[in-house]
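In: here are the coordinates; sequence isn't available:
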């Protein structure tokens, strides 16, 4: 390329002829209001899309919260007064999302007589496995099943999922410790 303004002046490397090539139009950037929830705290952020992009509930994106980029998962899409499962970026008035980089995992530890609630903050990509034994805050527990945010339940030993997809872990004390240790 020799020169660029409203078009490009280029030189062919084979025959050395010079000619003008029009510039491709860059798609417009659309900034969409995004409400990001991180457990008990919500904040208004923005997400950038290019004109023509679409978004669906469940998509993972990066929202700009001030100067910070936050990994989020879309939980709802508002287009005017309606909530939809999928929409073109230009039609979206508000995205509702939850932060997934660091999440709070809730654990119900049942000993046969009473259930003790525990919570652990961990990376959203940390893996938990049914049938595995963990240690948290001095307590050793064995995972019996995992309730997922999308309403499924993992019950079979060896089934695993990441923390960002977990609604609650159900566990019981005991089992010799063979798993991992988490501080907190």
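Out: It's in. Just so it is clear, the structure is predicted and the values come from calculations on it, not from any experiment. Numbers count the residues shown, from 1 in each chain.
In: Show the pLDDT at residue 137.
Out: Here, the pLDDT recorded for residue 137 equals 67.
In: I misspoke; the intended subject was residue 1.
Out: pLDDT for residue 1: 48.
In: Could you point out the helix or strand that follows the helix-or-strand element of the chain with minimal mean pLDDT?
Out: The least trusted helix or strand in the chain, going by mean pLDDT, DSSP states H and E, turns out to be strand 3-4, with a mean of 51. Per DSSP states H and E, the first helix or strand lying C-terminal to strand 3-4 is strand 7-11.
In: Partner strands of that next one and their direction?
Out: Neighbouring strands of strand 7-11 in its sheet, by DSSP bridges, are strand 3-4 (antiparallel), strand 18-22 (antiparallel).
In: what comes up buried for that strand?
Out: Judged by neighbour count (16 or more other CB atoms under 10 Å), strand 7-11 contains no buried residues. C-betas here are computed from N, CA, C, even on glycine.
In: Compute the distance from the centre of the strand ranked longest in the chain to the centre of its chain.
Out: In terms of residue count, the longest strand belonging to the chain (DSSP state E) is strand 68-79. Taking the mean of its C-alpha atoms, strand 68-79 sits 8 Å from the chain's own mean (CA atoms, centre = their mean, to the nearest Å).
In: same thing with stretch 139-152?
Out: Counting by CA atoms, centre = their mean, stretch 139-152 comes out at 19 Å from the chain centroid.
In: on that earlier part again, partner strands of whatever helix or strand comes next after the longest strand of the chain and their direction?
Out: For strand 68-79, the following helix or strand on the C-terminal side (DSSP H and E) is strand 82-84. Strand 82-84 pairs in its sheet with strand 68-79 (antiparallel), by DSSP bridges.
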